[in-house]
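Chemist: quick check, what structure comes out for this input:
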Amino acid sequence: MAFTSKLATSLDELDEQVATETCPSLSLESALDRYLREIEDAADSDIRTSILLLDRDGKHLRHGAAPSLPKAYCEAIDGIEIGPSVGSCGTAAYAGHSIFVTDIGTDPLWTDFRELALSHELRSCWSTPIRASDDEIVGTFAIYHSTARAPTEGEIIAVKDISVHVAHAIARWR
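Modeler: Model prediction:
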């Protein structure tokens with residue numbers, strides 16, 4: 001629970017900072033990157049995070065930010081089409097609810113992306129849709145681990161809270 005309480009305070013402070021900066025001086029990717037770095041710094045374990053944004057066509061996810069993921073991985077998944085078995089993020093955007101994959105090495109949702117993820121030492125991925133104020137899905141937020149593991153109750157709460165903060169940041173640029 002230390003992660004959850006530390007994160008709540010730091011995200012509230014970051015919300016205020018980002019809200020006071022003018023949009024022309026701070027790109028959406030830079031703002032999202034700041035959120036993700038704050039999340040990674042607050043974590044109790046080594047995590048890597050990403051935000052993918054739903055393209056205007058409503059069918060493809062595009063790179064938003066991922067400060068700690070390898071560039072090659074980000075480039076490989078940029079533009080993936082959402083669907084019922086498209087890793088954690090593509091499935092979460094398609095299904096409209098959180099997807100918690102505890103072992104990428106065995107989960108059927110990762111069949112088409114398993115080798116890519118494992119080659120970058122990504123073993124678990126928890127993804128949740130990011131929703132605009134009208135409940136429309138605008139992207140996904142994901143946490144990756146280098147070990148296979150399930151989220152704790154506190155981490156599930158934190159993931160939901162994070163997606164709300166990030167949704168507000170995205171809304172400022174749209």
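Chemist: check the spatially most central residue of the chain and give its pLDDT.
Modeler: Nearest to the mean C-alpha position of the chain, by Cα atoms, centre = their mean, lies Phe141 at 1.9 Å. Phe141 is assigned a pLDDT of 96 by the prediction.
Chemist: swap in Asp135?
Modeler: Asp135 is assigned 94 on the pLDDT scale.
Chemist: and Gly79, by the same measure?
Modeler: According to the model, Gly79 carries a pLDDT of 97.
Chemist: how about the helix or strand where the residue nearest to the centre of the chain lies: buried residues?
Modeler: According to DSSP states H and E, Phe141 maps onto strand 137-145. Buried residues in strand 137-145, counting neighbours by 16 or more other Cβ atoms under 10 Å, are found at Ile137, Val138, Gly139, Thr140, Phe141, Ala142, Ile143, Tyr144, His145. To be clear about C-beta, it is placed using only N, CA and C from the backbone, and glycine gets the same treatment.
Chemist: and the residue nearest to the centre of the chain, how far from Ile157?
Modeler: Noted for Phe141: a distance of 14 Å to Ile157, by Cβ to Cβ, to the nearest Å.
Chemist: also Gly139?
Modeler: Gly139 is 20 Å from Ile157, where distance means Cβ to Cβ.
Chemist: repeat that for Ser119.
Modeler: In this structure, Ser119 and Ile157 are 32 Å apart, going by Cβ to Cβ.
Chemist: okay, those two: which has more neighbours?
Modeler: A count of neighbours by other Cβ atoms under 10 Å puts Ile157 above the other of Ser119 and Ile157, at 16 against 12.
Chemist: check which residues of the host helix or strand of the more buried one are buried.
Modeler: Applying DSSP H and E as the criterion places Ile157 in helix 153-173. Within helix 153-173, the residues scored as buried using 16+ other Cβ under 10 Å are Glu155, Ile156, Ile157, Ala158, Val159, Ile162, Ser163, His165, Val166, Ala167, Ala169, Ile170.
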